[in-house]
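K.L.:
kindly return the folded structure for what I paste below:
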Amino acid sequence: MNCIVVDDELIAREGIAKYVKEIPYLNLIAKCKSVFELDEVLMKNKIDLVFLDIQMPGITGVDWLKNASNPPHIIFTTAHREFAVDGFELNAIDYLLKPITLPRFAKAVAKVYKIWSDENEVTSVSNATNDYIFIKEDQQTVKVRLEDILYIEAAVDYIFIHTKDKRHITLFSMKQVEQKLPDQQFIRIHRSFIVNADYVEAIEGKMLIIDGQRLNISRSLYNEVYEKITKGKVWKV
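P.N.:
Model (predicted):
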């Protein structure tokens, strides 16, 4: 999850940033000393979680959240217990009281991670044909037809779904998406690629060609991939 730490005190920012580095699934994008800096980062990056201090000069964290449009998940941080009610009324995921301990920090983050994972799960449709999926993309739930998918490409915490008309991007792992797709049609050829067998144009050495794109075939998977793609129908001279 991409996250931001917002606090007007340097020591507090650095302390939370240090905890972020202890959690494998957190990726720190920025450390901000005001909500104005926060807004600037949000305009340029896809952010999933903000650790937001409540008491800051100018605009407080609570005031910012009251006026925010489609904000990321929020965990409030403050030295004042009395502000907890305000935080929860604004649907903040959790409230961390300073000084923050690592176990308490990890518990709050785990709560957000569960929600985030559920939101970003690719949903396959159980029907007679099972011919489409829904993915979370930007602020929408987008329908993608399986017959339109050329191949799927891994990119760190994201996947790119290449279709006939466009490229979709969503937060999901290759292992998870592989489990959702029909394995007779969609074949894992590399740790970074899953292909739709219907669109394979050729196999050239250790490369597979789809829509003019050359995709690497893993050495360890080559024989399996070759058999699945050709289905034993290769004419040999």
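K.L.:
where does the closest residue to Glu119 other than its chain neighbours land in three-state SS?
P.N.:
With sequence-adjacent residues excluded and distances taken as C-beta to C-beta, 6 or more residues apart in numbering, Glu119 is closest to Lys136, at 6.0 Å. C-beta: built from backbone N, CA, C; applies to glycine. Secondary structure, DSSP: H, G, I helix; E, B strand; the rest coil: Lys136 is strand.
K.L.:
touching, Lys136 and Thr170? I think so.
P.N.:
Yes. Counting by C-beta atoms under 8 Å, Lys136 does reach Thr170; the two are 5.7 Å apart.
K.L.:
what's the single longest helix in the protein?
P.N.:
helix 102-119 (DSSP state H).
K.L.:
what packs against that one?
P.N.:
helix 10-20, strand 49-53, strand 73-78, strand 94-97 (3 or more C-beta pairs under 8 Å, 6 or more residues apart in numbering; DSSP states H and E).
K.L.:
of those, which approaches Glu201 most closely?
P.N.:
strand 49-53 (41.9 Å; C-beta to C-beta).
K.L.:
could you pull out the helices for the chain?
P.N.:
Using DSSP H, helices in the chain cover 10-20, 35-44, 61-67, 84-89, 102-119, 174-180, 222-230.
K.L.:
so which of those comes closest to Leu28?
P.N.:
Per C-beta to C-beta, nearest to Leu28 of those: helix 10-20, 4.7 Å.
K.L.:
next, the buried residues of stretch 151-171.
P.N.:
151-154, 159, 161-163, 168, 170-171 (16 or more other C-beta atoms under 10 Å).
K.L.:
for these, which one is nearest Glu22?
P.N.:
Leu171 (21.3 Å).
K.L.:
just grab the bridge partners of the closest one for me.
P.N.:
Going by DSSP bridges, Leu171 is paired in beta bridges with Tyr158.
K.L.:
hmm, Phe160 and it touching each other?
P.N.:
No. Leu171 is beyond contact range of Phe160, at 11.6 Å (criterion: C-beta under 8 Å).
K.L.:
ok, Phe193 touching Gln213?
P.N.:
No. With contact defined as C-beta under 8 Å, Phe193 does not reach Gln213; the gap is 9.8 Å.
K.L.:
these two - which one has more neighbours?
P.N.:
Phe193 (21 against 16; other C-beta atoms under 10 Å).
K.L.:
any buried residues in stretch 206-222, and which?
P.N.:
Neighbour-count burial for stretch 206-222 flags 208, 210, 213, 215, 217, 222 (criterion: 16+ other C-beta under 10 Å).
K.L.:
sounds good, over and out.
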